[in-house]
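Visitor: Structure of the sequence below:
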Amino acid sequence: MRVSDPLFNLQELDIRVDDMRARALLMATQKRDLLALIAELESAAKTAEDNKKAAQVIAHKHETEIQNLETKIQSFGDKMLRVTSPKQIQALESEKLAAEEKLASTEESLLETYGQVEECDKKLDELRKNVDSSKERLTTLKQDSTREIMEIKEKIGRELSQRQELVSQVDASLLKMYTALRAEFRGPVVFAVDEDGCQGCGETLSGSSFLRLRNPDRKPFACDNCGRLLVFSGRIE
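Guide: Now for the predicted structure:
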């Protein structure tokens, strides 16, 4: 049925254009997602760097405190030699014991802080590698997508030029229905029918509808169930 050929060709062209536009959109989305990932990784790296610096400050405080405590503990020997009162000796021993306990606690805290610095270093190293890797991927994607998008634009331009010719061959009322259906449905909206069912929704056509569809003098018409356009593609006897 020749009158239906331009409509099918128009639909095939529109689907090709849709696919190319979807491909261009996908590449743009990939670039956007990579940029967002890089920003997230860099933010995480900055946080890890800040945490490392904070841990280093704490470690320095612990180191200073340990030095002071060690000096204080060493001084108890001289103090012991200068006192004779049992009460004073007991007080010095208690003070020394407290300093030694504080020293042990501070040394433990220092080791924990060293561990935190080490963990921050490991995390920073991993994050920086991921940032570098993501930036390399982004550079490659930009190069590839720039070239491909230019090709897509050229192809779409050629397709749209052909589209104008096809549109001029389609009945105005049929084109209006086709345009409205494309806005409503995703995918094909024009289906060839050579038996007795709509390939869009699977609904079985009534006998009168099928006879109407097979009439060479009739235009394609909408499925009573889903509204998609139906065109008879079988032999008309």
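
Visitor: which SS class is the residue in the chain sticking out farthest from the centre?
Guide: For the chain, the residue at maximal distance from the C-alpha centroid (CA atoms, centre = their mean) is Thr84, at 76.5 Å. Under DSSP: H, G, I helix; E, B strand; the rest coil, Thr84 falls in the coil class.

Visitor: let's have the chain start at 533 instead
Guide: Taking 533 as the first residue, the last one we looked at is Thr616.

Visitor: pLDDT wise, what is the residue nearest to the spatial centre of the chain at?
Guide: The centre of the chain sits closest to Asp565, judged by CA atoms, centre = their mean, with a distance of 4.6 Å. If you check Asp565, the pLDDT there is 97.

Visitor: could you point out which element follows the lowest-mean-pLDDT helix or strand in the chain?
Guide: Between all helices and strands in the chain, the lowest mean by mean pLDDT, DSSP states H and E belongs to helix 739-746, at a mean of 61. Per DSSP states H and E, the first helix or strand lying C-terminal to helix 739-746 is strand 753-754.

Visitor: Note down every partner strand of that following strand and its orientation.
Guide: strand 761-764 (antiparallel) (DSSP bridges).

Visitor: chain center to the partner strand, what's the gap?
Guide: Averaging C-alpha positions (CA atoms, centre = their mean, to the nearest Å) puts strand 761-764 41 Å from its chain's average.

Visitor: pLDDT averaged over it - what is it?
Guide: For strand 761-764, the mean pLDDT works out to 76.

Visitor: cool, and stretch 622-633?
Guide: Per-residue scores along stretch 622-633 average to 94.

Visitor: Show me what counts as buried in that stretch.
Guide: Buried residues in stretch 622-633, counted by 16 or more other CB atoms under 10 Å: Leu624, Lys628, Ala631. Where you see a C-beta, it was placed from the backbone N, CA and C, and this is true even at glycine.

Visitor: Assign the second one to helix, strand or coil.
Guide: For Lys628, the assignment made with three-state DSSP gives helix.

Visitor: do Val702 as well
Guide: Applying three-state DSSP: Val702 is coil.

Visitor: Near it, how many other residues are there?
Guide: Using other CB atoms under 10 Å, Val702 has 18 neighbouring residues.

Visitor: how far away is it from Gln588?
Guide: 73 Å (CB to CB, to the nearest Å).

Visitor: What segments of the chain are helices?
Guide: Along the chain, counting by DSSP state H, helices occupy 537-614, 618-699, 704-716, 739-746.

Visitor: With distance to Leu761 as extra columns, can I get these in CSV?
Guide: Formatted as CSV, the helices of the chain follow (distance: least, CB to CB, whole Å):
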stretch, distance to Leu761
helix 537-614, 7
helix 618-699, 15
helix 704-716, 6
helix 739-746, 11
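
Visitor: Let me know which of those is the nearest to Cys758.
Guide: Evaluated over the helices of the chain, closeness to Cys758 peaks at helix 704-716, with 9.3 Å, by CB to CB.

Visitor: Tell me what angle the closest one forms with helix 537-614.
Guide: Using axes from the mean of the first three to the mean of the last three CA atoms, to 10 degrees, the inter-axis angle of helix 704-716 relative to helix 537-614 is 20 degrees.
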